[in-house]
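# no sequence for this one, just the structure:
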């Protein structure tokens, strides 16, 4: 049974496994001081066009978010994010465990607006309330929508004017950067945020996210934070090698582009049959609304999540594609739809 | 330059890489619910001879320790460990970050004794002091020494009588289990502790430790703890596949035996030339005492840590072997010594 | 200028000061082991009609909430409360600092409903989300409304059936118990909750809240929690003496009744002139809606908070009465209104 | 039975109670914004001869230490203190609960030396270990000994050169400042530390410590920290009034001088009879070594702690005097000794 449940159902892109094999028996320093990690950092600095950044490789999204946010904030400071934000919902209170409140703002499309942030600032005025200090966005959002270059820039300007840290969760950043007719670049993400991460796990790696910290005030002694939270790998090479390969010959972008194309193909197929969507998503997660009977029938051949009930006879499902998604599987799904 | 600095200088044992490749494109469930992780759990249950345990795969030692200890203790409870204990010294206060004091007892050989534990209990008598609740041991210790079966059993009985949790850090457990003429088994570790972990990172895996929790009171909803601390991998298969392979055909024990044999060979070579040791270690870390000039000479050909100054002309160094250590490198080191 | 800003503008009821003076030079044990604290505990046990409870005296509301909730929950467990809940809004993230998420539910009147709690339970189904475990109510709420006996009983039954802890913040509990025609008693609060606290600070004491824990599972070694959070006073007598006096000759209830009567008098005065209220409150906080010009005029003679903007010309203000509120001041306020 | 167990057996100095009564019915702002707190702050600024400091009144020692240290340190930073330090031993892991390791150094007299601090710095060199950042001293120490002006100055210079924060716990600071022939002043404490606190609880107040923060980097938004840890009192006046009175007409110093004189009288009485001491203490805690039989006899008439066993027939006891200690009780104790 083919799965569209998520973008981590397979292992790694074969080139990454190959890179692991080729480097395997060469002795390297531990804890990210290996040549591959250093090389991957150089490549990333080049890509974002900024030498004056810190890059750290961390195992996964929750781990990256809790280390970064826990390090960036003083004890009484809080994050602002959309009510669908991953840190607000799907990280088992990891941010609260570091001691910080996550303030959510209502959002239909997974994005935060300046108005909503301003409302939070207006409400939190003295020491009896937490102090909002960091705006968390995910790009793409948990609903597959994206912030365009212009939107990130606007957020950036606003946050600077309010002395707020802008932090972007890029678990699926590749997909946001590679949408059809998109104009956002890695360099933009670096220019317009204080820190962000580039997701590897969901774009071809076995595991690994590359955290980029541009704001100098946030960089200080950051490796202590990683180590203290259990995030510093003895064989840091495992992370370095994968990012080294992902940023060789454009692989990272090719993989994300493929994932998007497969999702776009699914979207087109669904539209052709006349289906609507919960929300328009140009990235690798889409949310078509189907009749419950249709869903039951599809579930016999495909794996996917039922996202939410829409009305008595229809529900939205989530379909996720990835670097590994086979075009035949997509076409088969569309064929099945038409039956 | 050949390195005896640690047991994580190379990648993974080739069989493990091979297992990753073979399983790579098969879709699996995420978050440790894949077939490989389930299979690895079954193998471990069989090996320890106990079906009624929980097994969780976690990325590394610090991560495992902080998740386990943070989950096992109530806020005012504390750990007891040797003053050389990894959690006390080399984890950047990870345990304290979870809110718990680490009470250290003096130790020459890295081991804790009943007498020292009793002293701690005698001192901590009311609510103005923390309540000691967990005894942390590492086997082998950070000094390469081991607890024998009889010693672990004695500790176990004592801890039970005092209502203390006995937890063992097994970052290099393979090495402890495979010492020459040893009698400790994985089943013993499970019988005599409330929880312990089997280290993969330092015995052939790319990363990964297998945490075994036997005490039922400590198992409750444990996956919440793992997720909250950022330890639940989307591609949990990465950990499962490695342990599945390590416990296939005795690989885990063969690798540890090789590491020990290489260390024993080094020890014998050093003894033959007349060198003494800081401490007698039967495992894969040894601590010979050399003249500083000799050390300087060796450093031109080999990598290793200078452990501590012994007197004005001599220091102890640390030599670490692993599954990947080449016999030729060991012999070359001994030859070099003799020059 | 007379203040209706809050119920902690004056010192203590004179009888309490007198009790401090009379006992002052008698040597007592420290840390709450004094005769007064023990005596106050006996009185409270008698009042609630249950010997099998633990009573602890703690300095203030935030301190009590953070100690209690921090002690009751395991790391991944969360509280549910109204979006106006004190812990959610006005405690500077104190609960989050203990590591726990505060999940808020929408509420117009400051109260939580079974439906809203059930929605939270339905959403939080696995280890990727926090586990809701404690329902926090304040009685009276932050909006002056109350839970009746029947309502607390219903909540209690529901929480038991869902294995949720029911915890009540009673910063102004006296006021809730002493509303006109009310039927809720201290004994009810004890019967229907797992733990709750009786506020002293806002009902005649200099400081102090009495935390009552009925649920045996939550009582274990609780003094360790108090001490660890800095809540165990060397001169615990200071708290004991005050509660001893408050529960002598009904003083506690007389003071709360006076506060309510003064608020009711204000309410009647405002209604007579034709004013509406943001919400109907039978307790010592009321929220009349006034024209902004009227507010400006009143502010020249009285202190109070402007609570929220209602429309372009009107706002709700908050008036708070207490044991110390003078009837003349209330009448003067009403007179001023009528001008 | 007269008690020499501690310096918090009685209530408050009568002048303090009187000040509470006189101010009782005057309405004041909450949360430390009352006129008394502001007035007390002015007096303290004058006394230390520095307008450019922050002063906060907090309930007790553990609460003050955990708020201050928790605010001053970043997550991976640690404190250094003597192995007898109050934060290391008698605060139920309050500092660890804020996430920070307390590194203890051996000490015979309760004091830390530059050599011992340097050893800690030499050992903690990279991100695998915590980063020592704050030196905690108590003056007087938990053993009654004191740091002289010269010693505090030397520590201060050393800490500055190493970028360490120097923080002094002054639970009994009055006693240290008022020792016979002493030369240390409040102004010195302010000059030579980054932050310190002046204990009220053990020198005549019902409760209360005055935290002084001189270092500008540590002052930022400090009230948020106090509130978040439950330390901001609604009736902050309770703390302000007491310190206002303590620093009126030298009361604070007179009380401490009396406590010292009573302890000195006890010391002289014990010396006259020929007793030795565990340690020489010029302050209000003394540690005479008595025969166990003598101790048993004294226990029938006096309350005190047995501090530690010295040999098979003798133990050291702790005698504590205070502002409230009666000279007759001291003389009676000495008489009893001579029997």
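Yep, it's here. Bear in mind the structure is a predicted one, so any value in this text is a computation, not a measurement. Residues are numbered from 1 along each chain as shown, chains lettered A, B, ... in the order given.
# Just the mean pLDDT for the lengthiest helix in chain A, thanks.
The residue-count maximum for a helix in chain A (DSSP state H) belongs to helix A:251-273. The average pLDDT within helix A:251-273 is 98.
# Identify all contacting residues around the next helix or strand after it.
As assigned by DSSP states H and E, the chain's next helix or strand after helix A:251-273 is strand A:285-286. Residues outside strand A:285-286 that contact it (C-beta atoms under 8 Å, 6 or more residues apart in numbering or on different chains): A:140, A:143-144, A:172, A:263, A:266-267, A:270, A:277, A:318-320. C-beta here means a position set from N, CA and C on the backbone, and glycine is covered the same way.
# Can I get those in TSV including neighbour count and distance to chain D?
TSV is the format used below for these (neighbours: other C-beta atoms under 10 Å in any protein chain shown; distance: C-beta to the nearest C-beta, whole Å):
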residue	neighbour count	distance to chain D
A:140	27	30
A:143	24	32
A:144	27	34
A:172	28	28
A:263	27	39
A:266	24	44
A:267	19	44
A:270	20	47
A:277	15	43
A:318	20	36
A:319	26	40
A:320	26	35
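# and those residues, which two are the farthest apart?
Greatest spacing in the contacts of strand A:285-286, by C-beta to C-beta: A:172 and A:270 (20.2 Å).
# which residues make contact with the longest helix of chain A from outside it?
Residues contacting helix A:251-273 (C-beta under 8 Å, 6+ apart): A:4, A:7, A:13, A:15, A:174-175, A:177-180, A:198, A:203-204, A:245-246, A:277, A:281-286, A:288, A:319-323, A:325, A:327, A:330-331, A:333-334, A:337-338.
# Give me the subset of those lying in strands.
A:198, A:285-286, A:319-320 (DSSP state E).
# Out of the residues you listed, flag the one nearest to residue A:233.
Closest to residue A:233 out of those is residue A:198 (17.4 Å), distances taken as C-beta to C-beta.
# what bridges to that closest one?
For residue A:198, the beta-bridge partners are residue A:210 (DSSP bridges).
# Quick check: it vs residue A:168, distance?
Using C-beta to C-beta, to the nearest Å, residue A:198 is found at 10 Å from residue A:168.
# List the contacts of the residue most central in space within chain A.
Here the mean C-alpha position of chain A is nearest to the C-alpha of residue A:171 (C-alpha atoms, centre = their mean), at a distance of 1.9 Å. Residue A:171 makes contact with A:61, A:86, A:138, A:197, A:199, A:201-202, A:209 under the criterion C-beta under 8 Å, 6+ apart.
# Select from those the one having the most neighbours.
residue A:138 (31 neighbours; other C-beta atoms under 10 Å in any protein chain shown).
# Got phi/psi on the closest residue to residue A:1 other than its chain neighbours?
Closest residue to residue A:1 apart from its sequence neighbours, by C-beta to C-beta, 6 or more residues apart in numbering or on different chains: residue A:303 at 5.7 Å. The phi/psi pair for residue A:303 (degrees, to the nearest 10) reads phi -100, psi 130.
# wait, what's in contact with residue A:303?
So residue A:303 contacts A:1-5, B:27 (C-beta under 8 Å, 6+ apart).
# change it to 7 Å
Counting by C-beta atoms under 7 Å, 6 or more residues apart in numbering or on different chains, residue A:303 makes contact with A:1-5.
# Now do it against chain C, distance only.
Using C-beta to the nearest C-beta, to the nearest Å, residue A:303 is found at 17 Å from chain C.
# With residue A:268 instead?
Here the criterion is C-beta to the nearest C-beta. By it, residue A:268 lies 31 Å from chain C.
# Ok, residue A:240 next?
Taken as C-beta to the nearest C-beta, the span from residue A:240 to chain C is 28 Å.
# you'd agree that residue is up against residue A:57?
Yes. Distance between residue A:240 and residue A:57: 6.2 Å, which falls inside the contact criterion (C-beta atoms under 7 Å).
# which residues do these two both contact?
A:32, A:37.
# quick one, which of those two is more surrounded?
When residue A:240 and residue A:57 are compared for neighbours, residue A:57 comes out ahead with 32 against 27, by other C-beta under 10 Å.
# which SS class is that one?
At residue A:57 the chain is in strand, as set by DSSP: H, G, I helix; E, B strand; the rest coil.
# That one: what's it in contact with?
A:32, A:37, A:208, A:210, A:236, A:239-240, A:243.
# Next step: those residues restricted to helices.
Among the contacts of residue A:57, the members found in helices (DSSP H) are A:37, A:239-240, A:243.
# Pull out the buried residues from stretch A:294-308.
In terms of neighbour count (16 or more other C-beta atoms under 10 Å in any protein chain shown), stretch A:294-308 has its buried residues at A:294-295, A:298, A:302, A:304, A:307.
# Could you turn the buried ones of the ones in helices among the contacts of residue A:57 into a ChimeraX selection?
Buried residues among those (16+ other C-beta under 10 Å), as a ChimeraX selection:
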select /A:37,239,240,243
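# coming back round to it: in the contacts of residue A:171, find the pair that's most separated.
It's A:138 and A:201 that sit farthest apart of the contacts of residue A:171, by C-beta to C-beta, at 14.2 Å.
# out of everything not next to it in sequence, what's closest to residue A:105?
Nearest residue to residue A:105, sequence neighbours excluded (C-beta to C-beta, 6+ apart): residue A:116, at 3.8 Å.
# Check which helix or strand the one you found maps to.
Short version, using DSSP H and E: residue A:116 is in helix A:114-123.
# tell me the pLDDT at the closest residue in space to residue A:230 that isn't next to it in sequence?
Spatial nearest neighbour of residue A:230, excluding adjacent residues (C-beta to C-beta, 6+ apart): residue B:63 at 3.1 Å. In this model, residue B:63 is scored at 98, pLDDT.
# ok, now residue A:339?
84.
# Give me the nearest residue to it, chain neighbours excluded.
residue A:297 (8.0 Å).
# The one you found: which element?
Element membership for residue A:297, per DSSP H and E: helix A:292-299.
# What pLDDT does the model give whichever residue of the stretch 201-339 of chain A sits closest to chain C?
The minimum distance from the stretch 201-339 of chain A to chain C, using C-beta to the nearest C-beta, falls at residue A:308 (10.7 Å). Residue A:308 is assigned 93 on the pLDDT scale.
# where does chain A come near chain D, residue by residue?
Counting by C-beta under 7 Å from any C-beta of the partner chain, chain A comes close to chain D at A:70, A:75-76, A:127-128, A:131, A:221, A:223-225, A:227-228.
# Emit the PyMOL select command for whichever of the residues you listed are buried.
The buried residues among these can be selected in PyMOL (16+ other C-beta under 10 Å) with this line:
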select buried, chain A and resi 70+75+76+127+128+131+223+224+225+227+228
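# Format the residues of chain A next to chain D as a markdown table; extra columns: secondary structure and pLDDT.
Below are the residues of chain A next to chain D laid out as a markdown table (DSSP: H, G, I helix; E, B strand; the rest coil; pLDDT from 0 to 100):
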| residue | secondary structure | pLDDT |
| --- | --- | --- |
| A:70 | helix | 98 |
| A:75 | coil | 98 |
| A:76 | coil | 98 |
| A:127 | coil | 98 |
| A:128 | coil | 98 |
| A:131 | strand | 98 |
| A:221 | coil | 97 |
| A:223 | helix | 98 |
| A:224 | helix | 98 |
| A:225 | helix | 98 |
| A:227 | helix | 98 |
| A:228 | helix | 98 |
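# show me the contacts for residue A:131.
Going by C-beta under 7 Å, 6+ apart, residue A:131 touches A:76-78, A:124, D:224.
# What about chain C: which of those residues touch it?
Filtering the contacts of residue A:131 for proximity to chain C by C-beta under 7 Å from any C-beta leaves A:76, A:78, D:224.
# Span of stretch A:316-331 from start to end?
The straight-line separation of the ends of stretch A:316-331 (C-alpha to C-alpha, to the nearest Å) is 20 Å.
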